[in-house]
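Asker: Give me coordinates for this.
(2 chains)
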Amino acid sequence: MNTRTVVGQNLRKVDGNKLVTGGAAFTDDIHIPGMLYGKILPSPYAHARIRRIDTTKARALQGVHAVLTYRDVPRVPHTTAGQAWPEPSPYDTYLLDSKVRFVGDRVAAVAAETRAIAERAIKLIEVDYEVLPAVLDIEQAMAPGAPVIHDEPDSTRIFDRERNIAGYILREIGSVDKGFREADCIIEREFRTHRQQHAMLEPHVTICWIDPDGRLVIRSSTQVPYHCRRQVAMILQLPVSRVHVIKPRIGGGFGGKQEMLLEDICGALTLAARRPVKIEYTREEEFYMARSRHPQVLRMKIGAKRDGTIVASQLTVLATTGAYGSHSTTVQGNTGSKVLPLYRTGNMRFECHVVYTNAPVAGAFRGYGCPQGFFAQETLVDEIAAELGIDPLEFHRRNVIRLGDIDRLSAQLGEGKEGLPRVIRSCGLPECMERAAKAIGWSQKRAVSRNGHSARPRGVGMACTMQGSGIAGVDWASAFLKMNEDGSFYLQVGASDVGAGADTVLSQIAAQTLGVTLDKIVITSGDTDITPFDVGAYASSTTIISGGAVKKAAEKVRAQVLQLAAKLLDVAVENLDCGNNEIFSLTEPRRSVAISDLAMHAMYKEKVQIMDGASHFNTDSPPPFCATFAEVEVDTETGQVDVLHLATAVDPGTAINPMQAEGQVEGAVTQGLGYALTEELVLDSEGRPVNPNFLDYKIFSAKDMPKLTTILVQTDEPLGPFGAKSISEVPINGPAPAIANAIFHAVGVRIRKLPIRPEEVLRELRSADAQQAEEVLAR
Amino acid sequence: MKTMELRLTVNGNPQVWDIAPGDLLLDVLRREGYFGVKRGCETGECGACTVLVDGKAINSCLMFAAQAEGREVVTIEGIAQDGRLDPLQEAFLDHGAVQCGFCTGGMIVGAKALLDRHPHPTEDQVREALSGHLCRCTGYKKPVEAVLAAAGRKEAAR
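Answerer: The predicted structure is shown next:
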């Protein structure tokens, strides 16, 4: 076997050149003659019925080519969640409807010759709304008498529409009652998480046109071109074969584009106007008309023995999906299935209600339910460790899942149905903990008891987290390779590079397997006419699942190459190997042929196209592991928390491109930092967004960043290509609990609500002071 | 719409364009095919539309095209010279500073303005210069390292 000259190397991105030179690579980087501008009229009310809608004036405006209301389009219940069929999300959404369910919901859409005309046209649409009572409070949604948000009869798969319950989950393994009876220490606490936005730099954008064959072409910034094709075909009542989805470069997705969000309405406008149409969200629209992270109220209870062994854990979640149930049960299912099994106890219980509210819609977001769950679990575990007088690092060492363990909760909690058990075949978590602890200076800094006398005390905290690598038994991908006469290869994959580097990683896997340099691989990804199927870029699946397909396809093509070389060189095929763009004999090194010569020979002498394809899926989802350590400084006068250092160690299996893998960690940590401290879409009492812009919705800038330390602890995962698992999601889970635990270490108060705003910290500090004063008086 | 004539230099080439008085420089540049200039927010908050105007980094979404009359504009398309990448572009590739690439063009243009003023900036100066460029992918560490490397400094960023 040749040594790895491509896999494991810090190679430049295969698509990097066009990105650093401003090449026209993204959805909107194209001029199409006659293209119209689409615009959606958003609902100004959180809950209303459209009594009357008059589009006469809008239609009469010069330059307007189409105006659509619910009366003009097919009524097909569907979900916008970009998930494998049959989607586990409720079918509760319509292209356009006579009822609106959140501020920003679609009322009507127009297509006009310029953006200015389109903006004027939507203002000319006269709507008479019957404003309905709205429910915005997550805890009021199930209350008797709460307005029913989905009272339409034709929606399906809603758990209990009368009580606004989109989905419900209850799973238990072992017996938590028995476990808690064995516990010496039981703590139960409530945690609250909030609405975070993806804020990818490229807003959602779609351009549609009808090609000369009369097919609908959709050029879109999507993570899920194949799901999008299937959904749009269903909604617009076209055969799948009449829809062509093209995914150009994507300017960030993070789950926000695992959603069929603009493609249906843009397609409908195109069919109505018979002209190309573009719809692009403005930044403001992106904030409240796209998707967000599900807010949750989590009640968690953990029991441990005196020696620190966890004997039972129980998590009860109330989550809101907003007005539509996109990803509702699956995100929340993850909050249980990927979080609780971090600890080895055989007694676990997870219960969750996912409720509708008249709020902007939640959806898939990097971490997919885990950031909420780990915030609760890792903050609670820190509290239990403190209660038992055990160092949190030591507490984790004793309790975390190990190599060879079987996570049985996952068997009960799959993608909206029964899942498959997870066997831990690779686990670098112990080393992750030790190395990240060292990077933050854990033992020295924990040895100093709280320096609470300083006005700006410092503290360190930690959290351990895990994720998955694809959805077991659901996610699958395929790849196709063909050789050109210069010895290069076309690699065609349905996978969608969202900016995380899939095109590069998949090309590296192909090049390594074929024994060629990276420049010999030319990749095309995410075009439903050209590339074979892939579920898309989500669930940390691309490297392991799409990469698995690429490796299989490349092995088949490699076999064809070697077969032909055997004939050409007159060497037994088992004595041949390839590497560095050559095929050579292992026994007689002088016998070799350049891949380019072989390719020429294949095409013009043998007259064969060397090519093959393969499909791939896994029945298990190997978890990547992560240890996050934070150091903070707390201003006790203002409650301001400054994060000084975040050290993150991740086990991604083999890092196919370590430099890119580090980049995934750093980006995820930064989003996790924003989730912990600053990022929240705030709604007013009427459900209107208060801060839909980058000034008031604060994401960290280069100047605001703490020191970041990134450590890759590579392991060898048997189910992954070249031992790879995944990396892009798991590091987002740790910053919030690690920071909350560091705050406790610094100033002795527990923060159980996100984001951690200065006023919350100050309130906790003052109530702790008041309590202390009372205790002193009582003595 | 009443039109007016705009004369300016873009990436060293003199141009004469018909524009409307209210057109933004961002929209005009994209209309003319400079797609590397990105629309991220249109309110001057994200920096994806950054171009150099007479050597100064500005958000082209906050400037009327008419204000560029007689000026020299440089976009990301004009940073490489004669097909040779600028050291900043090389460094962004070598340091893994590009992920989705949507903010990259503006960030490189912003860094270019910095290095033209301060060929040997400190890390804090780099972070200050990049603070007007929001990036949602990288956490800024690798872009900062890339800018420092392009300025001849080898150390890792914090």
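
Asker: Most proximal residue of chain B with respect to chain A?
Answerer: residue B:36 (2.0 Å; Cβ to the nearest Cβ). Every C-beta, even on glycine, is put in place using the N, C-alpha and C of the backbone.

Asker: What count of nearby residues applies to that residue?
Answerer: Residue B:36: 31 surrounding residues under other Cβ atoms under 10 Å in any protein chain shown.

Asker: now residue A:462
Answerer: Look at residue A:462: counted by other Cβ under 10 Å, it has 29 neighbours.

Asker: which residues touch it?
Answerer: A:378, A:382, A:392-393, A:396, A:433, A:436-437, A:440, A:442, A:627-630, A:738, A:741 (Cβ atoms under 8 Å, 6 or more residues apart in numbering or on different chains).

Asker: how about the strands in the stretch 251-400 of chain A?
Answerer: Using DSSP state E, counting those that start in this stretch, the strands of the stretch 251-400 of chain A run over A:277-280, A:296-304, A:310-322, A:348-356.

Asker: that older thread, which residue packs closest to the residue of chain B closest to chain A, ignoring adjacent ones?
Answerer: Of all residues not flanking residue B:36 in the chain, residue A:22 sits nearest, at 2.0 Å (Cβ to Cβ, 6 or more residues apart in numbering or on different chains).

Asker: Give the full set of residues in contact with the residue of the stretch 201-350 of chain A found nearest chain B.
Answerer: Per Cβ to the nearest Cβ, residue A:251 is where the stretch 201-350 of chain A lies closest to chain B, at 3.1 Å. Residue A:251 sits next to A:26, A:200-202, A:221, A:499, B:38, B:100-102 when contact means Cβ under 8 Å, 6+ apart.

Asker: Helix or strand for the spatially closest residue to it that is not a sequence neighbour, just tell me which one.
Answerer: Spatially, and ignoring its direct neighbours in sequence, residue A:251 is nearest to residue A:202 (2.3 Å; Cβ to Cβ, 6+ apart). Using DSSP states H and E, residue A:202 sits in no helix or strand.

Asker: burial measure for residue A:202, as a count.
Answerer: 28.

Asker: List the residues that contact it.
Answerer: Applying Cβ under 8 Å, 6+ apart, we find residue A:202 in contact with A:26-27, A:221, A:250-252, B:38, B:40, B:100, B:102.

Asker: for residue A:128, same thing?
Answerer: Applying Cβ under 8 Å, 6+ apart to residue A:128 gives the contacts A:50-53.

Asker: got it, and residue A:487?
Answerer: Residues near residue A:487 by Cβ under 8 Å, 6+ apart: A:516, A:520, A:581, A:594-599.

Asker: mind checking the SS state of residue A:604?
Answerer: Under DSSP: H, G, I helix; E, B strand; the rest coil, residue A:604 falls in the helix class.

Asker: what's the burial count for the closest residue in space to it that isn't next to it in sequence?
Answerer: Excluding the flanking residues, the one nearest residue A:604 by Cβ to Cβ, 6+ apart is residue A:485, at 7.3 Å. The tally of other residues near residue A:485 (other Cβ under 10 Å) stands at 13.

Asker: Pretty sure residue A:485 sits against residue A:597.
Answerer: No - the pair residue A:485 / residue A:597 is not scored as a contact, 10.0 Å apart, by Cβ atoms under 8 Å.

Asker: can you list the residues of the stretch 201-350 of chain A near chain B?
Answerer: Contacts of the stretch 201-350 of chain A with chain B, taken as Cβ under 8 Å from any Cβ of the partner chain, map to A:201-203, A:249-252, A:254, A:280, A:282-283.

Asker: And the residues you listed, which is closest to residue A:752?
Answerer: The nearest member of these to residue A:752, counting by Cβ to Cβ, is residue A:254 at 25.3 Å.

Asker: What are the boundaries of the strands in chain B?
Answerer: B:4-10, B:13-19, B:50-53, B:56-59, B:72-74 (DSSP state E).

Asker: Just tell me which of those ends up closest to residue A:367.
Answerer: Among these, the nearest to residue A:367 by Cβ to Cβ is strand B:50-53 (30.4 Å).

Asker: so what's the residue in chain A that chain B sits nearest to up against?
Answerer: Closest approach between chain A and chain B, counting by Cβ to the nearest Cβ: residue A:22, at 2.0 Å. Taking Cβ under 8 Å, 6+ apart, we find residue A:22 in contact with B:34-37, B:75-77, B:79, B:105.

Asker: Narrow those residues to those in helices?
Answerer: Among these, the ones falling in helices (DSSP state H) are residue B:105.

Asker: By neighbour count, which of the contacts of residue A:22 wins?
Answerer: Neighbour counts for these, by other Cβ under 10 Å, peak at residue B:36, which reaches 31 neighbours.

Asker: Quick check: it vs residue B:60, distance?
Answerer: Using Cβ to Cβ, to the nearest Å, residue B:36 is found at 11 Å from residue B:60.

Asker: swap in residue A:350?
Answerer: In this view, residue A:350 and residue B:60 are 50 Å apart by Cβ to Cβ.

Asker: what about these two, which has more around it?
Answerer: A count of neighbours by other Cβ under 10 Å puts residue B:60 above the other of residue A:350 and residue B:60, at 30 against 26.

Asker: ok, the more buried one touching residue B:25?
Answerer: Yes - using Cβ under 8 Å, residue B:60 is in contact with residue B:25, at 4.1 Å.

Asker: Could you list the low-pLDDT ranges of the chain?
Answerer: Using chain A. Scanning chain A for pLDDT under 70 picks out the ranges A:1-2, A:415-417, A:449-453.

Asker: look at chain B instead
Answerer: In the predicted model of chain B, residues B:1-2, B:154 satisfy pLDDT under 70.

Asker: per the record, what domains does it have?
Answerer: B:4-78, B:87-150 (automatic domain parsing).

Asker: among the ones you listed, which is the most enclosed?
Answerer: domain B:87-150 (a mean of 24; mean count of other Cβ atoms under 10 Å in any protein chain shown).

Asker: First residue to last residue on that domain, what's the distance there?
Answerer: Taking Cα to Cα, to the nearest Å, domain B:87-150 runs 5 Å from one end to the other.

Asker: now check it, is it near chain A?
Answerer: Yes - Domain B:87-150 comes into contact with chain A (Cβ under 8 Å from any Cβ), by way of B:89, B:92-105, B:108, B:126-128, B:130-144.

Asker: Now the nearest residue to residue A:107 once chain neighbours are set aside: which helix or strand?
Answerer: For residue A:107, ignoring the flanking residues on the chain, the nearest one in space by Cβ to Cβ, 6+ apart is residue A:41 at 4.4 Å. Assigned by DSSP H and E, residue A:41 belongs to strand A:36-42.

Asker: helices or strands up against the helix or strand hosting residue A:561?
Answerer: Residue A:561 is located in helix A:547-569, with elements delineated by DSSP H and E. Applying 3 or more Cβ pairs under 8 Å, 6 or more residues apart in numbering or on different chains; DSSP states H and E, one finds that helix A:547-569 contacts strand A:476-483, strand A:489-493, helix A:502-514, strand A:576-579, strand A:582-585, strand A:592-594, helix A:595-601, strand A:611-617.

Asker: Alright, I will stop here.
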